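Asker: Just to be clear, the model below is a prediction. Sequence and coordinates:
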Amino acid sequence: MSKIRVLVVDDSAFMRRIIRQMLESVTDIEVIGTARDGAEGVEMAASLLPDVITMDVEMPRMNGLEATGVIMEKFPTPILMVSSLTTEGAHATFQALDKGAADYISKNLVTSALDMLKIQDELISKIKALARKSNRLHGLRAFRRPVPVLVVPPGHATQKIGFVAIGASTGGPRAIQEVLSHLPGDLATPFLVAVHMPKAFTGAFAERLNTLCKLTVREAEHGEKVREGHVILTPGGTQTRIRRRGITDFYVEVENEPAGSLYKPSVDISMRSVAECYPGRAMGVILTGMGHDGLEGMRAIKLSGGKTIAQNEETCTVYGMPKAVVDAGLADKVLPLDKVAAEIINMI
């Protein structure tokens, strides 16, 4: 099996060395080159044709945003942005995703080498996932297994949708933006979006979505009332649940429990709360992402009589979370990303 060939672009010699060490700690990844700025990165990408590129944001001569734009226009390659955990880093990362970058990994520019090694597992996992996605684009499998469908027990008659919960992870920012930006502003249904993202990024992401979408989008606040036609984004580093207060009054709960949860925010936790508050009236949507967070949340929505949508493999950056849902027979619809918004409107 051939190794995954990676080009590292960063103006910091320290970061180039650390990223190389991280990636070459596994046998199936090879760093074929390192570039000191975006201009050199473009030249090396053209000559080396790597499988995946890691790209810093702030660099001399040509920054990461400009380099990403050139590379994606001339010789499209999966690009993983390496971004600082700041609001400014978040805004720059979202601009890079608009230019075609596949995903990002966060860093802290002032941490020690020991602290930097903490992101090693995430970095390696995303590199491998992006390489697999790139390979699939060169020849998708013609054979598809039949998609099982979970049969909802009698007595769970589906009613009008009262709440939509969306979950995503790797590749999620671009996918969520694609879906929400195509929804009309007159939808009366409230939305909750849970995406694996650090706290420094979720506030900036909510602000960005609010400028691009017809619906009102904001980061969730503890105790706020659920409003029709509004989208709340789960804050990074916390868990967000929908709670009932009275018969028709619902509010948002943002807290740190369970403290030991693998994902903060967790799609499962948010979706299960929606299923409990809106039995038979909830919709779950799972978009691109690594792992299987959201599987149990979608199961809860489905078993309560709600409706479910999963993004298809061909349009996912990583077909992990949607695959888990599809394989479990929990998806009413399996759709390409550009059809998800229309189906949400149709189901509502």
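Answerer: Arrived safely, thanks for sending. Numbering: from 1, shown residues only.

Asker: Quick check: beta-bridge partners of the spatially closest residue to residue 333 that is not a sequence neighbour?
Answerer: Distances taken as CB to CB, 6 or more residues apart in numbering place residue 309 nearest to residue 333, at 4.8 Å, with adjacent residues excluded. C-beta coordinates here come from the backbone N, C-alpha and C atoms, glycine included. Residues found in beta-bridge contact with residue 309 (criterion: DSSP bridges) are residue 285, residue 333.

Asker: Which parts of the protein belong to which domain?
Answerer: For the chain, whose domains are defined here by automatic domain parsing, the residue ranges read 4-137, 163-347.

Asker: Surely the residue nearest to residue 333 and residue 294 touch.
Answerer: No - because the distance of 11.7 Å does not satisfy CB atoms under 8 Å, residue 309 is recorded as not touching residue 294.

Asker: Give me the common contacts of those two.
Answerer: Applying CB atoms under 8 Å, 6 or more residues apart in numbering, one finds that residue 309 and residue 294 are jointly contacted by 284, 286.

Asker: ok, those two, which is more surrounded?
Answerer: Between residue 309 and residue 294, counted using other CB atoms under 10 Å, the more crowded position is residue 294 (33 against 25).

Asker: can you pull out the helices in the stretch 201-348 of the chain?
Answerer: 267-277, 295-303, 321-327, 337-347 (DSSP state H, counting those that start in this stretch).

Asker: Kindly reformat the ones you listed as CSV and extend each row with distance to residue 204.
Answerer: Shown next, in CSV, are those (distance: least, CB to CB, whole Å):
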stretch, distance to residue 204
helix 267-277, 20
helix 295-303, 25
helix 321-327, 23
helix 337-347, 22
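
Asker: can you list those in TSV and add mean neighbour count, mean pLDDT and distance to residue 6?
Answerer: What follows is these, written out as TSV (neighbours: other CB atoms under 10 Å; pLDDT from 0 to 100; distance: least, CB to CB, whole Å):
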stretch	mean neighbour count	mean pLDDT	distance to residue 6
helix 267-277	25	98	29
helix 295-303	24	98	30
helix 321-327	23	98	24
helix 337-347	17	96	26
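
Asker: out of the ones you listed, nearest to residue 28?
Answerer: Comparing the helices of the stretch 201-348 of the chain by their distance to residue 28 (CB to CB), the top pick is helix 321-327, with 21.2 Å.

Asker: which other helices and strands contact the closest one?
Answerer: Contacts of helix 321-327 with other secondary structure elements, assessed using 3 or more CB pairs under 8 Å, 6 or more residues apart in numbering; DSSP states H and E, are made with strand 282-286, helix 295-303, strand 307-311.

Asker: CA atoms only: put stretch 276-290 into CSV for me.
Answerer: Presented in CSV, the C-alpha positions along stretch 276-290 are these (Å, rounded to 0.1, in the frame of the first residue of the first chain):
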residue,chain,number,x,y,z
GLU,A,276,-37.4,14.2,24.1
CYS,A,277,-38.9,17.7,23.8
TYR,A,278,-40.4,17.2,20.3
PRO,A,279,-41.5,13.6,20.1
GLY,A,280,-42.8,12.8,16.6
ARG,A,281,-42.1,16.4,15.6
ALA,A,282,-38.2,16.5,15.4
MET,A,283,-36.0,16.3,12.4
GLY,A,284,-32.4,15.2,12.5
VAL,A,285,-29.8,15.9,9.8
ILE,A,286,-26.3,14.4,9.9
LEU,A,287,-23.7,15.9,7.6
THR,A,288,-20.0,15.1,6.9
GLY,A,289,-17.9,14.1,9.9
MET,A,290,-15.5,11.6,11.4
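
Asker: residues in contact with stretch 46-53?
Answerer: Contact partners of stretch 46-53, identified using CB under 8 Å, 6+ apart, comprise 4-9, 32-33, 41, 45, 71, 74-75, 77-80, 127, 130-131, 134.

Asker: Just list whatever residues bridge to residue 163.
Answerer: Residue 163 has the following beta-bridge partners by DSSP bridges: residue 282.

Asker: one step back: lowest average confidence across the domains of the chain, which one?
Answerer: Here the lowest mean pLDDT among the domains of the chain goes to domain 4-137, at a mean of 89.

Asker: gap between that domain and the chain center?
Answerer: Put simply, domain 4-137 sits 17 Å off its chain's centre (CA atoms, centre = their mean, to the nearest Å).

Asker: Stretch 168-182 now?
Answerer: Taking the mean of its C-alpha atoms, stretch 168-182 sits 7 Å from the chain's own mean (CA atoms, centre = their mean).

Asker: Name the residues of it that are buried.
Answerer: 168-180, 182 (16 or more other CB atoms under 10 Å).

Asker: mind listing the strands for the chain?
Answerer: For the chain, strands defined by DSSP state E occupy the ranges 4-9, 29-35, 52-56, 79-84, 103-107, 163-168, 191-195, 216-219, 230-233, 239-244, 250-255, 282-286, 307-311, 333-335.

Asker: out of these, which comes closest to residue 96?
Answerer: In terms of CB to CB, the element of the strands of the chain nearest to residue 96 is strand 79-84, at 4.8 Å.
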